[in-house]
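Chemist: Show me the folded form of this:
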Amino acid sequence: MQEKGKDKRYMSDSRQTQAPQPVSDEQIEQLYRDYGNDVLRVSYFYLGNREQAEDITQDVFIRLMENRPVLIPGSEKSWLLKVALNRCRDYWRSSWHKRVLLGSKKLDLIPADDNIDQRLEKEALLQAVNALPAPEKEVFLLFYYQNLSTQETAQVLGTPEGTVSSRLSRGRQKLKQFLDGGEDQP
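Modeler: As a prediction, this is how the structure comes out:
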């Protein structure tokens with residue numbers, strides 16, 4: 001309730017809520033520590049190349065420093081992942097990428113101490129996910145690799161939750177067909 005004769009915008013006591021502030025240098029450093037690996041992972045799984053993923057990750061945090069957006073507390077990770085996916089899409093559509101890399105079958109896998117069967121299984125799964133159409137691939141990366149809920153995934157992508165569920169369902173069907181040997185690509 002507003003006190004008589006006082007405008008709430010100019011009150012200096014604890015009841016006044018401060019206007020949201022752009023991110024500070026300290027917040028950017030903390031966001032990098034908290035979510036840098038998540039941005040790198042999403043970029044890596046989207047592009048299939050560690051160096052390109054590192055470039056995208058660096059670009060995301062440079063944009064954060066340059067633009068200094070006002071981030072809603074609790075949605076910082078969503079903002080970072082959304083920017084990362086947008087940068088991956090831009091890179092994927094770039095003419096340089098199409099001329100130099102498109103058609104390359106090389107898939108860099110993160111080294112692990114798995115046996116050969118597990119490694120081949122992971123490679124097949126990664127190839128299948130990377131072959132999905134971009135909308136389904138993005139949903140898979142956020143839902144399975146970032147462990148976001150369908151609601152959080154919808155928020156990052158700016159789509160309805162039902163669309164996320166549909167893309168997950170279609171993607172699972174395509175992956176099943178691909179992994180069962182029914183098709184060459186999902």
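
Chemist: who are the neighbours in contact with S149?
Modeler: Counting by Cβ atoms under 8 Å, 6 or more residues apart in numbering, S149 makes contact with F143. Placement of C-beta: from N, CA and C, glycine included.

Chemist: That one and R172, how far apart?
Modeler: 17 Å (Cβ to Cβ, to the nearest Å).

Chemist: what's the answer for Q127, then?
Modeler: 16 Å.

Chemist: With neighbour numbers in mind, choose between these two.
Modeler: Between Q127 and R172, counted using other Cβ atoms under 10 Å, Q127 has the larger neighbour count: 16 against 13.

Chemist: pLDDT value on that one, please?
Modeler: Q127 is assigned 78 on the pLDDT scale.

Chemist: next helix or strand past the one helix or strand it maps to?
Modeler: Using DSSP states H and E, Q127 sits within helix 116-131. Per DSSP H and E, helix 116-131 leads on to helix 134-140 as the next helix or strand towards the C-terminus.

Chemist: Quick one: end-to-end distance for stretch 130-145.
Modeler: End-to-end distance of stretch 130-145 (Cα to Cα, to the nearest Å): 13 Å.

Chemist: Please state the offset of it from the chain centre?
Modeler: Chain-centre distance of stretch 130-145: 10 Å, with Cα atoms, centre = their mean, to the nearest Å.

Chemist: in it, what's buried?
Modeler: For stretch 130-145, burial by neighbour count (16 or more other Cβ atoms under 10 Å) applies to N130, L132, P135, E136, K137, E138, V139, F140, L141, L142, F143.

Chemist: give the contact list for the fourth one.
Modeler: The contact partners of E136, taken as Cβ under 8 Å, 6+ apart, are R167, L168, R170, G171, K174, P186.

Chemist: The same query, at a cut-off of 6 Å, please.
Modeler: By Cβ atoms under 6 Å, 6 or more residues apart in numbering, the contact set of E136 is R167, R170, G171.
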